[in-house]
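K.L.:
Model the following, please.
(4 chains)
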Protein chains: 4
Amino acid sequence: MATVSLPEARRTIVAVGRWLDSKGWAPATAGNYSMRLDDGSVAITVSGRHKGRLGEEDVMRVDMTGASLDGKKPSAETALHMAIYRDFPEAGAVLHSHSPQAVGLSRAFPEAIGWTLAQHEMLKVYPGIATHDLSRTLPIVDNSQDMAVIDAAMAPRLLDADALPAYLIRGHGLYGWGADMAEAERVIEATEWLIAAELAEIGFRNGSKA
Amino acid sequence: MATVSLPEARRTIVAVGRWLDSKGWAPATAGNYSMRLDDGSVAITVSGRHKGRLGEEDVMRVDMTGASLDGKKPSAETALHMAIYRDFPEAGAVLHSHSPQAVGLSRAFPEAIGWTLAQHEMLKVYPGIATHDLSRTLPIVDNSQDMAVIDAAMAPRLLDADALPAYLIRGHGLYGWGADMAEAERVIEATEWLIAAELAEIGFRNGSKA
Amino acid sequence: MATVSLPEARRTIVAVGRWLDSKGWAPATAGNYSMRLDDGSVAITVSGRHKGRLGEEDVMRVDMTGASLDGKKPSAETALHMAIYRDFPEAGAVLHSHSPQAVGLSRAFPEAIGWTLAQHEMLKVYPGIATHDLSRTLPIVDNSQDMAVIDAAMAPRLLDADALPAYLIRGHGLYGWGADMAEAERVIEATEWLIAAELAEIGFRNGSKA
Amino acid sequence: MATVSLPEARRTIVAVGRWLDSKGWAPATAGNYSMRLDDGSVAITVSGRHKGRLGEEDVMRVDMTGASLDGKKPSAETALHMAIYRDFPEAGAVLHSHSPQAVGLSRAFPEAIGWTLAQHEMLKVYPGIATHDLSRTLPIVDNSQDMAVIDAAMAPRLLDADALPAYLIRGHGLYGWGADMAEAERVIEATEWLIAAELAEIGFRNGSKA
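P.N.:
Have a look, this model is predicted:
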């Protein structure tokens, strides 16, 4: 389990917010980012800030139940971060991003409970995958203002042997995580890229030239 | 009501112009941006400048009728800013942006008087909305060179209980406002993001894989 | 007629190359940019350089026939710049840009000799247009390696009373010009924006929600 | 044959990684870049680094069989770089990039063994092409985790008289090369641009306005 000090977590989270904003994946106040700390607590972005313009004071500490340890106000979605740290002891960082493409995909088929990613070299970015020659499902769960509902729907699917370290909330955004922030960033970037590639694939398929 | 000094308004408006230009939402000389000042007047961009390349001297002062207070020439659309300050005493900043997507949407259905946004977590960025589980209409009004015509068409709709602090002018662009510039920026960014997400959703729905 | 000194032209052209490259409209070595000089000659980019990475030495001088005045090698397309300076004595700067969207449009309908732009507020960026409530045609001319063929096909159309200061060469790119470089930049930026907005409009129209 | 010193190769490869990442063509740890060195060996990116965040220590040396000369671990795909240096003695730099569009195209038609590019002025960016008025095929080869399989499928096609210095691996990415890094960059940039232009062309053709 990778853990970091609070000062390092603050610097890292501020930087990752700027990076996600530069991609267009952190609009307005959307998103929250967290890292597991070396004292057993978690550093996470406070509620309501623009994630591309974070200061270090916008990163707070919560305990493993998601309760504030420093008087600052966490976002309701802190509970989804805690669920990931609870279910995956090796998880060291969690990101929640919002691209138009990912959310467009999650809404396009209202009954779909996942989107199949197959035969993509980019799948090898996910930990434990060593070939393009397989198929994985990016889970899609319905949105709710009650985090326990989302958690209850997702938890069993995340424990599947072939589960990706990422899932979509319909009409909302993408969660992704890793052993450390660098891995969480790779998971988010690869997942967003895969979604963009699938959208381009559909666009080309609508043509008739090949 | 949030008000600022003229020097602060100048710095803020120059910066917001660079930000909107970096998004591709301020092409050529399109757009105008304003803030309510602490002396009861309004600071607004002068006519005809590239909004990504503003200097502080490109921000002028007008009174609440839109008349120049410093000899500089306001844009005709100053009247639409003034209508928002008139109708919404709590409005402290108004932005008028131009993305290809927003204008494409406004033109795609020439008879449409709005575009429905429903079941989007991003709706919570708008002030007063606390759940994704509702539906709001982004109004679309026909373009006119007579600002009074646009104002007359929009004013009653803006006073609707469920009105968003934003509307589209067909073939023209997006207006959005907030209590202060940070809120106005969030309204614009969320609205543009929602439009981009809906376009991606349509793109995925044209495929057949899910 | 706006003219500038050679040193000013060099600085301006280097900067405009970086700007166009940042937009994705100057890939590889594509594009050439020119300005009318105060001595009656023209400054233009040399052949074969990456336009986002120009140095001032990559801007050369040619006479009004397009012949080199300083031993550097002009691009074959210099002739199209000269045709614009010849036909429009008030033209002070010419830009030739390459976006995927503009070229995609020029190829989508192989028989089309133009693309109609109507009811766009952005049309007011073009000099002499004061309302959105009209229609203008962006001419499309077939590509040729013989510049005289392109010039012969375009010249009569450019002299039309309602002609825009811009045209597309099919499968090639966009020409735009203005009284000075700032106006030429606005013409290019507005034309590219209009093309992007029309593509988004088509995308939304393929959906069925409104 | 253009060769460079190891220090120059390191600086150049670090910079090209940042450039490709800024375009969105180097997600997560995808991609690898190489240059022929003046001592007959090759400098190439090590395995598993984010290509937009390379340090000079992330560039290693391999011999012409792809074996490490400095104890660092090369990527499996080093073999595909070596195949290009083997088949093209004039090649001085090889790039392997990953855009959503290029990969979307490679997947859209699972049986296609190439994509035809015709009547594009941008084709003139490829060495040896002097007119838009011709047709070239961008080869598409099926992906494999066995580089020898990809090499065996591609090698004969690359030696075709009309072969482009670029090919797509299905569901994976784009290879492109040149006499030096500047030429390899132009090949990648032009190929990505051509693919984006073809996608925009399809988008416009789905409309009905022209």
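
K.L.:
In chain A, which residue sits closest to chain B?
P.N.:
A:Gly104 (2.8 Å; CB to the nearest CB). For glycine as for every other residue, the C-beta is placed from the backbone atoms N, C-alpha and C.

K.L.:
Report the separation between the closest residue in space to that residue that isn't next to it in sequence and A:Ile113.
P.N.:
In space, and not counting its chain neighbours, A:Gly104 is closest to B:Ala200: 2.8 Å by CB to CB, 6 or more residues apart in numbering or on different chains. For B:Ala200, the distance to A:Ile113 under the criterion CB to CB, to the nearest Å works out to 19 Å.

K.L.:
who's more crowded, the two?
P.N.:
Neighbour comparison, B:Ala200 and A:Ile113: the larger count goes to B:Ala200, with 25 against 14 (by other CB atoms under 10 Å in any protein chain shown).

K.L.:
which SS class is A:Arg36?
P.N.:
strand (DSSP: H, G, I helix; E, B strand; the rest coil).

K.L.:
Give the full set of residues in contact with it.
P.N.:
When contacts are counted by CB atoms under 8 Å, 6 or more residues apart in numbering or on different chains, A:Arg36 touches A:1-4, A:42, A:85, A:91-93.

K.L.:
on that earlier part again, list the helices and strands the host helix or strand of the residue of chain A closest to chain B packs on?
P.N.:
Counting by DSSP states H and E, the element that carries A:Gly104 is helix A:100-108. Helix A:100-108 is packed against strand A:166-169, strand A:173-178, helix A:181-205, helix B:181-205, with contacts defined by 3 or more CB pairs under 8 Å, 6 or more residues apart in numbering or on different chains; DSSP states H and E.

K.L.:
can I get the CA coordinates of that helix in PDB?
P.N.:
As requested, the backbone C-alpha atoms of helix A:100-108 are provided in PDB (Å, rounded to 0.1, in the frame of the first residue of the first chain):
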ATOM      1  CA  PRO A 100     -18.100  15.100 -22.000                       C
ATOM      2  CA  GLN A 101     -17.300  11.900 -23.900                       C
ATOM      3  CA  ALA A 102     -17.400   9.600 -20.800                       C
ATOM      4  CA  VAL A 103     -20.600  11.100 -19.600                       C
ATOM      5  CA  GLY A 104     -22.100  11.100 -23.200                       C
ATOM      6  CA  LEU A 105     -21.300   7.300 -23.400                       C
ATOM      7  CA  SER A 106     -22.800   6.600 -20.000                       C
ATOM      8  CA  ARG A 107     -26.100   8.300 -21.100                       C
ATOM      9  CA  ALA A 108     -26.300   7.000 -24.700                       C
END
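
K.L.:
What residues of the helix or strand that it is followed by count as buried?
P.N.:
The element immediately downstream of helix A:100-108 (helix or strand, assigned by DSSP H and E) is strand A:114-118. When burial is assessed from 16 or more other CB atoms under 10 Å in any protein chain shown, strand A:114-118 yields the following buried residues: A:114-115, A:117.

K.L.:
One more: stretch A:11-26?
P.N.:
Of the residues in stretch A:11-26, those with enough neighbours to count as buried (16+ other CB under 10 Å) are A:12-14, A:16-17, A:19-21, A:24-26.

K.L.:
Report the two members of those separated by the largest distance.
P.N.:
With distances taken as CB to CB, the most widely separated pair in the buried residues of stretch A:11-26 is A:Thr12 and A:Gly24, at 20.7 Å.
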